[in-house]
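*Asks:* Sharing a sequence plus its predicted fold:
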Amino acid sequence: MINSRTMKYFFKLTTILFIVTSINSFAQIKSVAFKNKQQYQVQKWEVIDILLKVKTTTKQPFTTNFEAIFTHKNGTKQVAPGFYNGNNEWIIRFSGSLEGDWNFETKSDVKLLNGKKGTVTVTVNKPDNHGAIALQKENSQHFYYEDGTPYFLLAFECDWLYALDYHSEKGIPKTDHLLNLLNENGFNQIVMNVFSYDVSWKKDDRLKDHPEHEFGGPTDIFPFLGNNKNPDYSSLNPEFFKKLDRTISLMHDKRIVSHLMIYVWNKLVAWPDMDTEADNMYFDYVIKRYQAFPNIVWDISKEALFYGRADEAYINGRIDRARANDKYNRLLSVHDYKFCSKYPEKVDFISTQDWAHNIYNKMLDAKTKFKDKPVFNIEHGGYEESPYTVFTGDYTNAEICLRRNYMCLFAGVYTTYYWQGASWNVLIYNPFEQPEDFVKPKFEYFKHMKKLFSIVDFSKMKPSPWKNGSGYNLTDDKETILIYVHKENFGIDAWFLKLKEDKRTIQWFNVLTGEITDAKEIEGNGKFISPWANSSDSIMISKLIE
């Protein structure tokens, strides 16, 4: 019999071995030292840092005017804001969306930073790099990559991701492990904070036995000088942002989008007062530093109008400020439905936070209301259980949480998955290496979801509520029809699949296992009954026979 002490030693040893073998597992941003009129090379939609070592007497380097104007050989211009990186180092961060030579010249109020020239040659992109997330006028309620490839947004919330490997100087192996898990299971966007401090609710006592899973209340991590308890707003902390660079860069390498919430009001952060020099310095610096990453989507603040801090005027001002400073025009939203619904023209997509029991109808209403923008339910009240009770919301059962995600999708909107073991101050980066009695997440449910929408193009599917019956219907111009059926459903009478003028196939998809039945031609007039009735929700897939 293995005793508990032996088990703890085994898991500790496994973790150490993993970290040692993964110590170089993160990819650095390509960095090159500046030499006047030098030519550099980077692949399309990848990021390059051009470093300048310049001693200056600038009183506040973090707000110094410094940029590079890149001009493509066809005349296209791209401004790349420069920024101070600490230790007399300045960075021009650039990514190119056109192949070929881009000549650049710097502009700055600081003489030693002004008039620097060079060339960046952008070569063909890697096959899996499709560019930034974008919108299309022709199908404005869906997301696409920059090259036109549909982007099926499947998000995962992880507010404390910045802290996971913060104290590791040689690499970010834990972050790499977690991102690999998310990648393998279909997630391609992480809703995350630049910085979160701590939670206000009572913490699970079991965390005292596992301090390695607790990331709330850091004493030595802060985007300004000092710390959260004793902030010094006179200057930013470049080391904080260097560490965040590693995470954003690794996410980009794995083609995971950073849905970056610049502020959060309910995580006890000691933010400077609104619209002060320190507030503007922080906000502008985040925009300058991360806009060159194609995997960035801006979010002004989590729950922007809650908790009594910000008002509409402040959020509107922050949006205007972001738009003015973001020369790459990354997509922007606000984690606040009240704001997005009142000022839809200010955001690129509608973010909503809806816990309603009839979430399908609520999301259908939102999609109908905002006909020219994607709708993203960033928080639907489902927080799947973990080894610790962190924040339960209204739903913790894994199957019910999954069902609510599908209810959003079948209303034609995008959705987010929350696991209590990773969304907030508790962060278990290796859940499947935990002791047997630890509650494991059902990540695989979303791997199956991604599989389904690899077979069926979500961007072409439209909710058809008049054809719901006792399920939820998505239709692609009659050719492909999906019907989501609850496991409690005895049988569904989808009359429109039995029209005499149409010949159609039918097959079933199990949302819990990913199993899919063979396609068979529809015959007869009875009810359609799922092979997994009473055991699993399923999706009926019907295709027109040409």
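*Replies:* Structure's in. What do you need?

*Asks:* Wasn't G317 part of a strand?
*Replies:* No. G317 is assigned helix when assessed by DSSP: H, G, I helix; E, B strand; the rest coil, not a strand.

*Asks:* low-confidence ranges in the protein?
*Replies:* 1-27 (pLDDT under 70).

*Asks:* those helices in it, which residues are they?
*Replies:* 4-21, 173-184, 238-253, 277-290, 312-325, 337-342, 359-369, 398-409, 444-455 (DSSP state H).

*Asks:* export these to CSV and tack on distance to F104 and mean neighbour count?
*Replies:* For every residue, glycine as well, the C-beta is placed using N, CA and C. CSV is the format used below for these (distance: least, CB to CB, whole Å; neighbours: other CB atoms under 10 Å):
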stretch, distance to F104, mean neighbour count
helix 4-21, 39, 12
helix 173-184, 32, 20
helix 238-253, 21, 20
helix 277-290, 16, 20
helix 312-325, 18, 16
helix 337-342, 36, 18
helix 359-369, 42, 19
helix 398-409, 43, 22
helix 444-455, 39, 17
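
*Asks:* With distance to Q420 added, can I get these in JSON lines?
*Replies:* Shown next, in JSON lines, are these (distance: least, CB to CB, whole Å):
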{"stretch": "helix 4-21", "distance to Q420": "20"}
{"stretch": "helix 173-184", "distance to Q420": "15"}
{"stretch": "helix 238-253", "distance to Q420": "21"}
{"stretch": "helix 277-290", "distance to Q420": "28"}
{"stretch": "helix 312-325", "distance to Q420": "29"}
{"stretch": "helix 337-342", "distance to Q420": "23"}
{"stretch": "helix 359-369", "distance to Q420": "19"}
{"stretch": "helix 398-409", "distance to Q420": "10"}
{"stretch": "helix 444-455", "distance to Q420": "15"}
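
*Asks:* For I529, which of those helices is the nearest?
*Replies:* helix 398-409 (19.0 Å; CB to CB).

*Asks:* what helices or strands is the closest one leaning on?
*Replies:* helix 359-369, strand 414-417, helix 444-455, strand 472-476 (3 or more CB pairs under 8 Å, 6 or more residues apart in numbering; DSSP states H and E).

*Asks:* Can you name the residues in contact with it?
*Replies:* 359-360, 363, 377, 380-385, 395, 414-415, 417-418, 441-442, 445-446, 449, 458, 472, 474, 484, 486, 511-512, 537, 539 (CB atoms under 8 Å, 6 or more residues apart in numbering).

*Asks:* residues in contact with the closest residue in space to K242 that isn't next to it in sequence?
*Replies:* The shortest distance from K242 to any non-neighbouring residue, by CB to CB, 6 or more residues apart in numbering, is to N85 (7.2 Å). Going by CB under 8 Å, 6+ apart, N85 touches L51, I91, P238, F241, K242.

*Asks:* Repeat that for Y418.
*Replies:* Y418 neighbours (CB under 8 Å, 6+ apart): F156, E157, E379, G382, Y383, E384, G393, C401.

*Asks:* Now, the residues you listed that are in strands?
*Replies:* F156, E157, E379 (DSSP state E).

*Asks:* wait, isn't the second one in contact with N193?
*Replies:* This points to E157. No. The criterion here is CB atoms under 8 Å, and E157 misses it with N193 at 9.7 Å.

*Asks:* Overlap in contacts, these two.
*Replies:* Going by CB under 8 Å, 6+ apart, no residue sits against E157 while also sitting against N193.

*Asks:* Roughly how far does Y290 sit from H210?
*Replies:* 32 Å (CB to CB, to the nearest Å).

*Asks:* What of T396?
*Replies:* 19 Å.

*Asks:* Equivalent analysis for L236, please.
*Replies:* Taken as CB to CB, the span from L236 to H210 is 33 Å.

*Asks:* more crowded one of these two?
*Replies:* Taking other CB atoms under 10 Å, L236 and H210 do not tie; L236 has more neighbours (25 against 16).

*Asks:* dump the residue contacts of the nearest residue to the more buried one once chain neighbours are set aside.
*Replies:* Closest residue to L236 in three dimensions, ignoring its sequence neighbours and counting by CB to CB, 6+ apart: F62, at 5.0 Å. F62 sits next to F83, Y84, S235, L236, M281, Y285 when contact means CB under 8 Å, 6+ apart.

*Asks:* doesn't T63 make contact with the fifth one?
*Replies:* Yes. Taking contact to mean CB under 8 Å, the distance of 5.5 Å between M281 and T63 places them in contact.

*Asks:* picking up where we left off before, a markdown table for the helices and strands packed on helix 398-409, including distance to P272?
*Replies:* Conversion of the helices and strands packed on helix 398-409 to a markdown table gives the following (distance: least, CB to CB, whole Å):
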| stretch | distance to P272 |
| --- | --- |
| helix 359-369 | 34 |
| strand 414-417 | 29 |
| helix 444-455 | 38 |
| strand 472-476 | 46 |
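
*Asks:* Select, out of those, the one closest to K462.
*Replies:* K462 sits nearest to strand 472-476 of all the helices and strands packed on helix 398-409, at 5.9 Å, using CB to CB.

*Asks:* Would you give the sheet partners of the closest one, along with the direction of each?
*Replies:* strand 462-463 (antiparallel), strand 480-485 (antiparallel) (DSSP bridges).

*Asks:* ok and it relative to helix 359-369, angle-wise?
*Replies:* 40 degrees (axes from the mean of the first three to the mean of the last three CA atoms, to 10 degrees).

*Asks:* before we move on, the earlier item: mark which of the contacts of Y418 are buried, thanks.
*Replies:* F156, E157, E379, G382, Y383, E384, C401 (16 or more other CB atoms under 10 Å).

*Asks:* wait, which of those residues is closest to Q41?
*Replies:* Distances from Q41 to the buried ones among the contacts of Y418, taken by CB to CB, are shortest for F156, at 33.7 Å.

*Asks:* any idea how far K174 is from that closest one?
*Replies:* On the measure of CB to CB, F156 and K174 end up 16 Å apart.

*Asks:* Then N87?
*Replies:* With CB to CB as the criterion, N87 and K174 are 26 Å apart.

*Asks:* before we move on, what about H380?
*Replies:* Taking CB to CB, one finds H380 at 28 Å from K174.

*Asks:* what does P344 give?
*Replies:* Counting by CB to CB, the gap from P344 to K174 is 39 Å.
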